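**Student:** what's the 3D shape of this:
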Amino acid sequence: MRKVLLRLGLTLFFVAFLILATAPYWVSAVGIPSELRVFPGMELGLDLKPPLRVLDQAGLEVHGFFDTENLGTSVYRVNLFGWLPLTEVIVDVVPLVRVFPGGQSIGVLLSADGLMIADLGGVTDMDGVERFPARDAGVQPGDVLLSVEGHPLRRPEQVSQLINSLAQHKRVLELVVRRSDRTLTLEIEPVLSRPLGQQAASYRIGVYLEDPAAGVGTMSFYDSDTGRFGALGHTVTDSRGRPLTISKGSIVEATIDGIRYGSRGSPGEKVGFFHGEQDVIGIIDSNTSFGIFGRLEEIPRSAFAEPVPVAFAHQVKLGPAEIYTVLQGNQIERFSVEIVKVVNQTRPGEKGLVIEVTDERLLRETGGIVQGMSGSPILQNGMLVGAVTHVFVNNPTKGYGSFAEWMVYEAGLGQVNEIPAKQSVSWEGFFLPIEKEPIMELLTNVYHIFARVGRTNGSKNACLGSHRIRCACSWQ
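**Tutor:** Prediction:
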């Protein structure tokens, strides 16, 4: 009898141990979240079947819905058979956040901290000898050029002008570059050169500079009371995939006057233009993995008469939804999509959902999701649930989106215990990133700083021009 009891006790012990050891898998299998955020008065409950039970902080079993009447945080315990603890569920009752969905096409002007050195090259001097001034000075591709002789840099053409102005009086110039987390001071000797086909000689240093200064995207949302806005839905990076540190940036009104149709293996894009800094509608103060954020200088025209609620990530469901974006001029239009995948995220993370375009007109005119739609708001059941961020290059009818919940927290709206880290690394640019799954094509301005006035080796899909910036330029 004693042996039987001992065996029974050991069996129960091992069963209990096994249950506890595999509790995380149980929890995941039945879909029990670790944290939920709700609006005051919102009906919320866990549909758990026996032997699982939910107990409140006082140890009383919860039947039906949680108490969501008052703001604050409550902790509930999920037990097996009412006595064996499995996990905890944190319920945060937070204020209802309402924003105006965007959809407006915007031009993005980023004045980054210095200029990226994309590559080095040779310079042929007046005697026909090829020299490498930048390489010999210790400059490396990937360095960020901060200043020339103490003059801070914002545009590539400044470098050419400064070099030619200063080199006439000084043989050796001082460059300040940033390499990783170090700031270096280098000395360089510009080379006087006269390229084939040019009459005037000019000084050159042999670097290719990259200015990711302009592109067209879409505003995701804004708050009319505070003026805070969010756009793009993904970070803006240089050609090496590193997030740009913004010293001064702005968004301006943009007009779409054409669409390049997207197809399998060749995503399309919006062709738009904007007129530069005289049309500024907002100032950028943050560039994060969830987009660019800042404060509006003026409230834009909206397709909505009233703000809409922002959905929590756990409220987003599979099924019909809609996106708002511009295909022609400045007119915001609504298009049907289907949310075909929702990622269970209780903490901020990118690519929270996958959408598929179902709108016949949008498919007919664009082929699906195209570059320039990045940031287009996604609505479901009258709530802002996310923003378009990526397009699948092998299937442009589909793309990723980020949850609106994380974006509004990044904008400084609402309440959250954990904010995503600023400037997190992501290989994305001004336009809608392209997933292959995944691949990205960055839109930048590349200047070959060998010429007196900043001769341009136009790069594919670069946006170039001081008064009229047109996207989707071809190779020149």
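
**Student:** surely residue 401 is in contact with residue 380?
**Tutor:** No. Assessed by Cβ atoms under 8 Å, residue 401 is found out of contact with residue 380, at 10.8 Å. Using the backbone N, CA and C atoms, a C-beta is placed for each residue, glycine as well.

**Student:** who has more neighbours out of these two?
**Tutor:** residue 401 (29 against 20; other Cβ atoms under 10 Å).

**Student:** from residue 290, how far off is that one?
**Tutor:** Taking Cβ to Cβ, to the nearest Å as the measure, residue 401 falls 11 Å from residue 290.

**Student:** find the residues that touch each one of these two.
**Tutor:** residue 233 (Cβ atoms under 8 Å, 6 or more residues apart in numbering).

**Student:** spatially, what comes nearest to residue 162 if we skip its sequence neighbours?
**Tutor:** Closest residue to residue 162 apart from its sequence neighbours, by Cβ to Cβ, 6 or more residues apart in numbering: residue 148 at 4.7 Å.

**Student:** revised request: answer the last question for residue 362.
**Tutor:** That would be residue 335: by Cβ to Cβ, 6+ apart, it lies 4.4 Å from residue 362.

**Student:** wasn't that neighbour part of a helix?
**Tutor:** No. Residue 335 is assigned strand when assessed by DSSP: H, G, I helix; E, B strand; the rest coil, not a helix.

**Student:** how many neighbours does it have?
**Tutor:** 20.

**Student:** wait, it sits on residue 357?
**Tutor:** Yes. Between residue 335 and residue 357 there is a contact under Cβ under 8 Å: 7.0 Å.

**Student:** dump stretch 310-328 to CSV, keeping only the CA atoms.
**Tutor:** Extracted as CSV, the C-alpha positions of stretch 310-328 are listed here (Å, rounded to 0.1, in the frame of the first residue of the first chain):
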residue,chain,number,x,y,z
VAL,A,310,-6.6,53.9,-33.1
ALA,A,311,-7.0,50.1,-32.8
PHE,A,312,-4.8,48.1,-30.5
ALA,A,313,-2.7,45.4,-32.2
HIS,A,314,-4.8,42.6,-30.7
GLN,A,315,-8.0,44.1,-32.2
VAL,A,316,-6.8,43.7,-35.8
LYS,A,317,-8.5,40.8,-37.5
LEU,A,318,-8.2,38.9,-40.7
GLY,A,319,-10.7,40.1,-43.3
PRO,A,320,-11.7,43.2,-45.4
ALA,A,321,-10.1,46.5,-44.8
GLU,A,322,-9.2,49.7,-46.8
ILE,A,323,-6.3,51.9,-47.5
TYR,A,324,-6.2,55.6,-48.3
THR,A,325,-3.7,57.1,-50.7
VAL,A,326,-3.3,59.4,-53.7
LEU,A,327,-3.1,58.2,-57.3
GLN,A,328,-3.5,61.5,-59.1
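
**Student:** dump the residue contacts of residue 99.
**Tutor:** For residue 99, the contact set (Cβ under 8 Å, 6+ apart) comprises 221, 222, 223, 307, 308, 310, 384, 408, 413.

**Student:** element containing it?
**Tutor:** Residue 99 belongs to strand 98-101 when elements are defined using DSSP states H and E.

**Student:** stretch 177-191 - what's its average pLDDT?
**Tutor:** Stretch 177-191 carries an average pLDDT of 90.

**Student:** isn't residue 350 right next to residue 291, touching?
**Tutor:** No. Here residue 350 lies out of contact with residue 291, judged by Cβ under 8 Å, at a distance of 10.3 Å.

**Student:** residues shared between the contacts of these two?
**Tutor:** Residues touching both residue 350 and residue 291 (Cβ under 8 Å, 6+ apart): 234, 402.

**Student:** now residue 382: closest residue in space that isn't a chain neighbour?
**Tutor:** Nearest residue to residue 382, sequence neighbours excluded (Cβ to Cβ, 6+ apart): residue 308, at 6.1 Å.

**Student:** so who does the residue nearest to residue 122 when sequence neighbours are not counted touch?
**Tutor:** Of all residues not flanking residue 122 in the chain, residue 130 sits nearest, at 4.4 Å (Cβ to Cβ, 6+ apart). Contact analysis of residue 130 by Cβ under 8 Å, 6+ apart lists 122, 123, 124.

**Student:** so which of these wins on neighbours?
**Tutor:** residue 123 (21 neighbours).

**Student:** if I look at that one, how far off is residue 172?
**Tutor:** In terms of Cβ to Cβ, residue 123 sits 15 Å off from residue 172.

**Student:** same question for residue 384.
**Tutor:** Computed as Cβ to Cβ, the residue 384 to residue 172 distance reads 56 Å.

**Student:** the two - which one has more neighbours?
**Tutor:** Taking other Cβ under 10 Å, residue 384 and residue 172 do not tie; residue 384 has more neighbours (29 against 10).

**Student:** pLDDT score assigned to the residue nearest to residue 280 when sequence neighbours are not counted?
**Tutor:** Leaving aside its sequence neighbours, residue 280 sits nearest to residue 250 (Cβ to Cβ, 6+ apart; 4.6 Å). Per-residue confidence at residue 250 stands at 87 (pLDDT).

**Student:** name every strand pairing with the helix or strand hosting residue 250 and say which way it goes.
**Tutor:** Assigned by DSSP H and E, residue 250 falls within strand 246-253. Strand 246-253 pairs in its sheet with strand 105-112 (antiparallel), strand 280-288 (antiparallel), by DSSP bridges.

**Student:** and of these, who's closest to residue 346?
**Tutor:** strand 280-288 (19.0 Å; Cβ to Cβ).

**Student:** circling back to that earlier point, and the strand holding residue 99, which residues are buried?
**Tutor:** Under the neighbour-count criterion of 16 or more other Cβ atoms under 10 Å, strand 98-101 has 98, 99, 100, 101 buried.

**Student:** same check, this time on stretch 116-132
**Tutor:** 116, 117, 118, 120, 121, 122, 123, 124, 125, 131.

**Student:** just how off-centre is it within its chain?
**Tutor:** A distance of 36 Å separates the centroid of the chain from that of stretch 116-132, by Cα atoms, centre = their mean, to the nearest Å.

**Student:** can you give me the end-to-end span of that stretch?
**Tutor:** 18 Å (Cα to Cα, to the nearest Å).

**Student:** quick one: average pLDDT of it?
**Tutor:** 88.

**Student:** again with stretch 160-171
**Tutor:** Here the average pLDDT along stretch 160-171 is 90.

**Student:** how long is that stretch from one end to the other?
**Tutor:** 16 Å.

**Student:** need the pLDDT of the spatially most central residue of the chain.
**Tutor:** Centroid-nearest residue in the chain, with Cα atoms, centre = their mean: residue 234, separated by 0.9 Å. The confidence metric pLDDT takes the value 89 at residue 234.

**Student:** surely residue 122 and residue 134 touch.
**Tutor:** No. Using Cβ under 8 Å, residue 122 is not in contact with residue 134, being 9.6 Å away.

**Student:** distance of the nearest residue to residue 151 once chain neighbours are set aside from residue 210?
**Tutor:** Using Cβ to Cβ, 6+ apart and skipping residues adjacent in sequence, the residue nearest residue 151 is residue 162, 5.6 Å away. Going from residue 162 to residue 210 by Cβ to Cβ gives 17 Å.

**Student:** more neighbours: those two, which one.
**Tutor:** Neighbour count, other Cβ under 10 Å: between residue 162 and residue 210, residue 210 has more, with 24 against 18.

**Student:** many thanks, we can stop here.
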